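Peer 1: Quick one, fold the following:
(4 chains)
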Protein chains: 4
Amino acid sequence: MGPRSIGIGMIGYQFMGKAHSHAYRDLPFYFGQDPYPAMKAIAGRDGRRVAEAAQRMGWDSYETDWRVLLERADIDVIDICTPNASHAEIAIAAAEAGKHILCEKPLALNASEAWTVLEAVRKAGVIHMICHNYRFAPAVLLAKKLITEGKLGRIYHLRATYLQDWLADPFAPYSWRMSKAVSGSGAHGDLASHSVDLARFLLGEIRAVSGLLPRFVSERPDPDGNPVQVDVDDASIFMAEFACGAAGTFEATRYAGGNRNGNRFEINGERGSLRWDMEKMNQLEVYFADDPAEVQGFRSVSCTENCHPYGGTYWPAGHIIGYEHTFIHVMHELVQGIERRVNPEPNFGDGLRNQLVLDAVEESSTTRQWVDVQDVEGMILSGSSEDK
Amino acid sequence: MGPRSIGIGMIGYQFMGKAHSHAYRDLPFYFGQDPYPAMKAIAGRDGRRVAEAAQRMGWDSYETDWRVLLERADIDVIDICTPNASHAEIAIAAAEAGKHILCEKPLALNASEAWTVLEAVRKAGVIHMICHNYRFAPAVLLAKKLITEGKLGRIYHLRATYLQDWLADPFAPYSWRMSKAVSGSGAHGDLASHSVDLARFLLGEIRAVSGLLPRFVSERPDPDGNPVQVDVDDASIFMAEFACGAAGTFEATRYAGGNRNGNRFEINGERGSLRWDMEKMNQLEVYFADDPAEVQGFRSVSCTENCHPYGGTYWPAGHIIGYEHTFIHVMHELVQGIERRVNPEPNFGDGLRNQLVLDAVEESSTTRQWVDVQDVEGMILSGSSEDK
Amino acid sequence: MGPRSIGIGMIGYQFMGKAHSHAYRDLPFYFGQDPYPAMKAIAGRDGRRVAEAAQRMGWDSYETDWRVLLERADIDVIDICTPNASHAEIAIAAAEAGKHILCEKPLALNASEAWTVLEAVRKAGVIHMICHNYRFAPAVLLAKKLITEGKLGRIYHLRATYLQDWLADPFAPYSWRMSKAVSGSGAHGDLASHSVDLARFLLGEIRAVSGLLPRFVSERPDPDGNPVQVDVDDASIFMAEFACGAAGTFEATRYAGGNRNGNRFEINGERGSLRWDMEKMNQLEVYFADDPAEVQGFRSVSCTENCHPYGGTYWPAGHIIGYEHTFIHVMHELVQGIERRVNPEPNFGDGLRNQLVLDAVEESSTTRQWVDVQDVEGMILSGSSEDK
Amino acid sequence: MGPRSIGIGMIGYQFMGKAHSHAYRDLPFYFGQDPYPAMKAIAGRDGRRVAEAAQRMGWDSYETDWRVLLERADIDVIDICTPNASHAEIAIAAAEAGKHILCEKPLALNASEAWTVLEAVRKAGVIHMICHNYRFAPAVLLAKKLITEGKLGRIYHLRATYLQDWLADPFAPYSWRMSKAVSGSGAHGDLASHSVDLARFLLGEIRAVSGLLPRFVSERPDPDGNPVQVDVDDASIFMAEFACGAAGTFEATRYAGGNRNGNRFEINGERGSLRWDMEKMNQLEVYFADDPAEVQGFRSVSCTENCHPYGGTYWPAGHIIGYEHTFIHVMHELVQGIERRVNPEPNFGDGLRNQLVLDAVEESSTTRQWVDVQDVEGMILSGSSEDK
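Peer 2: Numbering: from 1, shown residues only, chains lettered A, B, ... in the order given. Purely as a prediction, here's the structure:
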């Protein structure tokens, strides 16, 4: 008898589809095969292109109608890698079909929609996870561990930036990512959402926000050179008050020249501080106020030791891993969650909570006032403790 | 006939008094003696201590009543290094006595008071300067030059932090810097004021702000161990809209463990970006989007070449200067301004404008809304162009 | 008809076997399947363990006698991942069996043995490659491109270090890596060999060397705590004169605390300089003397753009790759070489030349004199141009 | 009665003369005036220029014959800032005149000459010091303290580089620094001498060396564009064995583009490591192997705290000092040495020992063999312990 498997059906096959496919392929090599994700099928509308993608990325089959995946008995998990606007519809249908779900972020276009999705999976009793992969960088997991153990004491500050630069050129071409109808928002949902998830993971819930969503360039050329209106934000900037008492600052943008994928944070606490930068993702900078005075300073820790999160899984110390490994960890948590019948984190509860923060920032940017983040406990009548 | 001199009378002799004294002493060595600042007298209330300070720091004489300095014919400039609450009173008296004035920041405790001071110096026709020394780091001056020359194109973002950590320990002792009556504010006036001045220097005026002034520790022990109430902010966090269209974020705090004097900024424009950190003050990180694609990246420029601001004044390239040199540059600008009868920058007009921004942040932190920065042009009826 | 494949048989399955296996698995996902490496079989002496390894790493079958692999018609390539002492014997046998060969470094225990191996593959006309994976970091390939294009002008200096720290503790346990009989040498063959290969790749041949091979700890405890003699070097330090006129310094050690895998180099030329560090392998630091004087400085280039070597293969700019990707590139070059019937580089000619340098350093460390690196052109009568 | 003073007479007034002058002026401001160095006179051959220099740098008088300084009763210390070739002659004359001596490095053009000078000062019983200013960077002094306290355990490695780039351009003009007759050597005596002094300060004596002194550009244009022969080294590269058992590497050059004043070292010991870079001179990177495994890493320590060497002398933590402050510390040690009648370190004994190492490297570069550093204890019959 061969190793047990969990059948995966994935919808969408662009950037995220590639990252997910690779992770499914690579997972058993590093984490073993009992069980392993079986790459059963992908779905996409264009038959020729989806066939090519299935072959290239190693999927057993393909479908041109994603609903067929829901009917296939060999598929246990629906992995949603489609554009944002379709996440909710697919997730609800998958839940109703009794499939476990991995959904790319954002869970939905707004909190209300996200709540509907969360209700659907809770009702169906399926395992659900949202793909905030950056939580799973070993350095981020070490940060979480140090905070949880109290090594930083009470937290005063978090400052998070997610800086990209592919729109700094005002003549860069128009794309669907600049359309509110398709994307929901710009840097806000695309980048700031990751920072919000990391912040909640590390410090807990956000109570109130005040935000600014500037648009620097209001029209961009289409492929024919004709101007198209941009109707999303170019950057997302906000201040936040955490339930724990910490004060947060967030800035996400696509206009920060020289920052290719600058997903970063610094956290300051009573007894220490942490710094992380996704472009140097294997390092965590750690400061302890309890060090002897003459040798205090930020330490640059290479989170590649056996003692580190996922340590020993890959290579000897100092032999770094990259972006794609964060997705392998997501898939590992997903498979473990299904195996043990426990929802992994981040799940759709986190998807909802992240969205509530993002929605509050949007509201704040319109009212020009601080906005309280809505209480999810109120939204989910029967309590959220089961979701975790 | 010896070199000409400009007589200086300084009031206050603590941290800033030390920095100013050293700069006066050192200035002629590097910048020549025609004219040079003659260290005529310092004033302080405690006769024994002010006598000792005068002797130690090289002043010719001392007074125990600062008003005597205003009467002395050998004194051309009054340098105000006293606690914040007394700046306005002394500055107005000095102006009325026809003395030129160098005032430590802040110019006053609020914009209204600052305006009165500005009116006084304008009426008296004396030269006035405010001591925002960080403008004069060569790397900051290079940043200014690159922006002015259009090397960055249109500016999208400024993010400024001024991070210190001497209060991160909740049991650190109480000091007068935590008293609103004495200091006016906490990190806000002490640290954020520097960031505001740098931001205005580099990007121009700020139009509106939304701010948060958290207090993390509400009482601290006095020398006898008795708790004293803290009534100033512990941190100053705000978002800003610049007149030029850029979006700014500011964060100043005394609770960021591991950051001893982290006065930093990053600026992102259409064609390039800049980064600076006072703790590595000789370096400017520069990014140009016009570099060939394969070799784009932030350059670490050692601003110690002959071609750099104040280049050739000190040592060969790569031989770094430090904090105290920024004050030498302030004194150089002051002396040059007096010599040429032109107000240097930053002057009391900047002091007022900086204060208007800080006041708006304070108001915003109370109303929990965005606040427009008051228009100084309206305040100063006859226009501000003469102040520059 | 499915995609064409090249059958791989691998001998050894420890650290390098894992890295190679993963690369074979991952290659077609990123580089396509025409042809792709088919993981036919691995060989190892311990039946139970090799069976488990084959299953875990995805090999179709296994053998307990490596010679069987040479007889299998489904195997086109023999991949040698065994301890150093057996490389030559296996390589010669594989060549005689008409198999293409990928051999882990070092090619042999000394240059004489390496020559024999090179003669064998040349006689057999098989494709051969040596697995110096670090050549294939995109940043290293960019370095090569910039040098080749003359962007650095004449080269003056190369300084290479390969710093590890797992033996800094004098009580770290004894292992076979400290046995001359098994490993041939210590840090010299293990780490300095990589630096020599990179140096030759980037600057060309080394003419003469003077070296020092210190041993800091002469005995270490075995698992029972009994002392065992160490008879290899602990560090390898040498100076080198390149044929191009550059002066080189090399230092490899296992005793440099805090350096986990510090494979680094800096190269200085007439018109520019380069710096690289494997622990930040996606970055190349680039300096151009032709930049305007006021903005000269090392640039930190993220070699993750589409325009960079292997650009566009993985993820968007700034999404970093890791150690394992260097092996994917090795396998890609190998497969391309077999497909096009052209020996890839580095091949066994490089293996020999690298060994000649290492041998000269060893001789120098004994004679305490500079030693000329032996001329491989003399060794290989018919010239080496065919090897490249 | 005013503060006591020590009369200084300085010979030479170029780069080093400027650095020394500034330090004398600044010393009492920071370190007090009991006693203080009184800037009595400088000497130089060109009357007009020396007069101008005296006035500009704050000396009371000048002489056009340095021998006059030796006769002046108001001068206690002769400070030698002349070109290298004249150091020995002046020092011997100064000693014979009973003057204390501060000599710029190198002490002499070779060890034999240096020995003669050392004998002269020992016979005269005067205080003597050699101006290796880099020892006195607070971060270097912290490094010394940590090593002395055993925090690093046994030392395995030191790697020192002193990289400059002002000759990387092969058409840079000829100067006296490229003349053996005037300078003695090139990068070897100018830059490597500093690294040797730092190495000896931190690790103790060097036993044997093997060196390479390449010349990359053999002629350069004079001001009229005519070629002049260069007859000094362009770089100094050597390996070293320390008496303590450590292995050292040294590289000094003027051809390392992008390195303006890259005076750096890394030291690796049994229990920790240190890194320092003069261009970031306020920072010491410190690694401790005894840190918990999950948070090991190099710490970046800002050596600006009150607890650090010379801490509290200047500014609050994080407010950096620069190159010129290392000279203030030299002058402080000199004055303290004179006051307490104890030779400071580094003194002429160090000057001799440094020269013995440099001479051995030069010999080695000619013989192409390792050379033992001559034993200074043998040279100085009565032992060197008195010199320290």
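Peer 1: OK, now which residue of the stretch 1-150 of chain A is nearest to chain B?
Peer 2: At 12.7 Å from chain B, A:L146 is the closest residue in the stretch 1-150 of chain A, using Cβ to the nearest Cβ. Using the backbone N, CA and C atoms, a C-beta is placed for each residue, glycine as well.
Peer 1: what's near enough to touch that residue?
Peer 2: Counting by Cβ atoms under 8 Å, 6 or more residues apart in numbering or on different chains, A:L146 makes contact with A:L152, A:G272, A:L274, A:V286, D:V295.
Peer 1: and which of those is nearest chain C?
Peer 2: Distances from chain C to the contacts of A:L146, taken by Cβ to the nearest Cβ, are shortest for D:V295, at 12.4 Å.
Peer 1: Who are the packing partners of the helix ranked longest in chain A?
Peer 2: Secondary structure of chain A per DSSP state H: the longest helix is helix A:348-367. Packing partners of helix A:348-367 (3 or more Cβ pairs under 8 Å, 6 or more residues apart in numbering or on different chains; DSSP states H and E): strand A:100-103, helix A:111-124, strand A:128-130, helix A:193-203, strand A:206-212, strand A:235-242, strand A:371-372, helix A:376-379.
Peer 1: Name the SS class of the residue of the stretch 1-150 of chain A closest to chain B, please.
Peer 2: Secondary structure, DSSP: H, G, I helix; E, B strand; the rest coil: A:L146 is helix.
Peer 1: I'd like to know how far it sits from B:N259.
Peer 2: 18 Å (Cβ to Cβ, to the nearest Å).
Peer 1: Give me every residue in chain A lying close to chain D.
Peer 2: A:142, A:145-146, A:283, A:286, A:288, A:291, A:293-302, A:305, A:307-308 (Cβ under 8 Å from any Cβ of the partner chain).
Peer 1: run the last query once more with 10 Å
Peer 2: Residues of chain A found near chain D (Cβ under 10 Å from any Cβ of the partner chain) are A:142, A:145-146, A:151, A:272, A:283-288, A:291-303, A:305-309, A:311, A:317.
Peer 1: So which of those residues are in helices?
Peer 2: Using DSSP H, the residues of chain A next to chain D in helices are A:L142, A:K145, A:L146.
Peer 1: Could you tell me how many residues sit around the closest residue to A:K99 other than its chain neighbours?
Peer 2: Using Cβ to Cβ, 6 or more residues apart in numbering or on different chains and skipping the chain neighbours, the partner closest in space to A:K99 is A:I78 (4.5 Å). Residues lying near A:I78 (other Cβ atoms under 10 Å in any protein chain shown) number 25.
Peer 1: can you check A:M16 too?
Peer 2: 19.
Peer 1: quick one, what contacts it?
Peer 2: A:M10, A:D79, A:I80, A:C81, A:T82, A:E104, A:K105, A:C131, A:N133, A:F327 (Cβ atoms under 10 Å, 6 or more residues apart in numbering or on different chains).
Peer 1: thinking again about what came up before, how distant is the longest helix of chain A from the center of its chain?
Peer 2: Relative to the chain's own centre, helix A:348-367 is displaced by 15 Å; criterion: Cα atoms, centre = their mean, to the nearest Å.
Peer 1: Could you do stretch A:34-51 as well?
Peer 2: Relative to its parent chain, stretch A:34-51 has a centroid offset of 22 Å by Cα atoms, centre = their mean.
Peer 1: quick one: buried residues of that stretch?
Peer 2: For stretch A:34-51, a neighbour-count test (16 or more other Cβ atoms under 10 Å in any protein chain shown) marks A:P35, A:Y36, A:P37, A:A38, A:M39, A:K40, A:A41, A:I42, A:A43, A:G44, A:V50, A:A51 as buried.
Peer 1: and if you look at stretch A:347-359?
Peer 2: Within stretch A:347-359, the residues scored as buried using 16+ other Cβ under 10 Å are A:347-359.
Peer 1: need those in a markdown table with pLDDT, can you?
Peer 2: A markdown table is the format used below for those (pLDDT from 0 to 100):
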| residue | pLDDT |
| --- | --- |
| A:N347 | 97 |
| A:F348 | 97 |
| A:G349 | 97 |
| A:D350 | 97 |
| A:G351 | 97 |
| A:L352 | 97 |
| A:R353 | 97 |
| A:N354 | 97 |
| A:Q355 | 97 |
| A:L356 | 97 |
| A:V357 | 98 |
| A:L358 | 97 |
| A:D359 | 97 |
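Peer 1: biggest separation within those residues, which pair?
Peer 2: A:N347 and A:D359 (18.8 Å; Cβ to Cβ).
Peer 1: ok, back up a step: now, which of the buried residues of stretch A:34-51 lie within strands?
Peer 2: Those of these mapping onto strands are A:Y36, A:P37, A:A38, A:M39, A:K40, A:A41, A:I42, A:A43, per DSSP state E.
Peer 1: ok, so of those, who is nearest C:S193?
Peer 2: A:Y36 (37.0 Å).
Peer 1: just checking, the closest one touches A:L27?
Peer 2: Yes - using Cβ atoms under 10 Å, A:Y36 is in contact with A:L27, at 6.7 Å.
Peer 1: which residues do these two both contact?
Peer 2: Common contacts of A:Y36 and A:L27 (Cβ under 10 Å, 6+ apart): A:M331, A:V335.
Peer 1: how close does A:P214 sit to A:W370?
Peer 2: Going from A:P214 to A:W370 by Cβ to Cβ gives 18 Å.
Peer 1: More neighbours: the two, which one.
Peer 2: Between A:P214 and A:W370, A:W370 has the larger neighbour count (other Cβ under 10 Å), namely 24 against 21.
Peer 1: can you put the contacts of A:M16 in TSV and add secondary structure, distance to chain C and pLDDT?
Peer 2: As requested, those are exported to TSV (DSSP: H, G, I helix; E, B strand; the rest coil; distance: Cβ to the nearest Cβ, whole Å; pLDDT from 0 to 100):
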residue	secondary structure	distance to chain C	pLDDT
A:M10	strand	14	98
A:D79	strand	17	98
A:I80	strand	20	98
A:C81	coil	15	97
A:T82	coil	19	94
A:E104	coil	15	97
A:K105	coil	16	95
A:C131	coil	15	97
A:N133	helix	11	98
A:F327	helix	10	98
